[in-house]
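> Have a look at this prediction, sequence included:
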Amino acid sequence: MSKANARFLERNKTVREYFKQLESKNPNWRIDALETATADKFFLSERTVRAIVKGETIYNVN
């Protein structure tokens, strides 16, 4: 595994953990608000956060 790939996987893991933490702290927030807050924290788009959390395409953990 390359160094860049390892950083990519670590970033995605951190994004998922932050999203879940935010979700548990704010159970009344809508999903789009959680995605926006996470995107702002990690300088990503909301769509990228959604793909990471759902494990879509290249963000799949399997």
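Okay, I see it.
> Surely residue 44 touches residue 15?
Yes: counting by Cβ atoms under 8 Å, residue 44 touches residue 15, with 7.3 Å between them. For every residue, glycine as well, the C-beta is placed using N, CA and C.
> now residue 47: how far from residue 3?
Per Cβ to Cβ, to the nearest Å, residue 47 is found 26 Å from residue 3.
> Ignore what I typed, I meant residue 15.
Residue 15 is 19 Å from residue 3, by Cβ to Cβ.
> The two: who's more crowded?
In this view residue 15 and residue 3 are compared by other Cβ atoms under 10 Å, and residue 15 has more residues nearby, 20 against 7.
> Can you tell me the element the closest residue to that one other than its chain neighbours falls in?
Nearest non-adjacent residue to residue 15, counting by Cβ to Cβ, 6 or more residues apart in numbering: residue 52, 4.9 Å away. Using DSSP states H and E, residue 52 sits in helix 46-54.
> Remind me what that helix packs against, helices and strands.
helix 3-25, helix 31-42 (3 or more Cβ pairs under 8 Å, 6 or more residues apart in numbering; DSSP states H and E).
> What are the buried residues along the shortest one?
This points to helix 31-42. 34, 35, 37, 38, 39, 42 (16 or more other Cβ atoms under 10 Å).
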